[in-house]
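>>> predicted model, plus sequence, below.
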Amino acid sequence: MDLFLTFITENDIETVEKLLEHKRIEVVINNDGHIEYATSLRDGNEKKDTHFWPMASIDDYLGWDALASFFYTPCHKVCRTLFNGKEELIPYFEAWQYDFSGEGNLKYKKVKRPINKFRIEPWAAWSINEECIVEDNVENVS
């Protein structure tokens, strides 16, 4: 999920039509660990899949992807926030969510989901305000 959403975000694919221009999207990991994408586009005569619907094909999986990151502790990080003069350390994991500010219907963004909030209300779209983060990837939290 992360690799696919990274691909469409980095390549400004914000509509179903732009996505369906691709015949194949393949993840390639080089010897040095760098991730690239090998793609091929459909030619003008090829029939496009008309059954792609983002709500069923992507959005339904976002919750499962977040749940997997919640349970997989190597995905957990800690950031230091400052809000209204109060400093706080917040454990979180990164997850994708639909970006309602976008014009396109395939606009997603990566957010930091607070673990304690997710534990209580996993269906809610809580995320940490990036403007309040003063330090990320804080280590040696005791």
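Happy to help now that I have it.
>>> helices of this protein, residue ranges please.
For the chain, the helices defined by DSSP state H cover 2-10, 16-20, 54, 60-71, 115-120.
>>> give me the angle between the first one and helix 60-71.
So that's helix 2-10. In terms of direction (axes from the mean of the first three to the mean of the last three CA atoms, to 10 degrees), helix 2-10 departs from helix 60-71 by 120 degrees.
>>> for helix 2-10, buried residues please.
Within helix 2-10, the residues that count as buried by 16 or more other CB atoms under 10 Å are 4, 5, 6, 7, 8, 9. Any C-beta I mention is one placed from the backbone N, CA and C, and that applies to glycine too.
>>> give the bridge partners for the residue nearest the centre of the chain, please.
Nearest to the geometric centre of the chain sits residue 96, at 2.7 Å (CA atoms, centre = their mean). Here residue 96 sits in beta bridges with residue 110, as judged by DSSP bridges.
>>> in the protein, which helix or strand is least confident?
Taking mean pLDDT, DSSP states H and E as the measure, the helices and strands of the chain show their lowest mean at helix 54, namely a mean of 68.
>>> pLDDT below threshold where in the chain?
47-51, 54-55, 102, 104, 140-142 (pLDDT under 70).
>>> give me that answer again for 80
In the predicted model of the chain, residues 44-57, 101-105, 140-142 satisfy pLDDT under 80.
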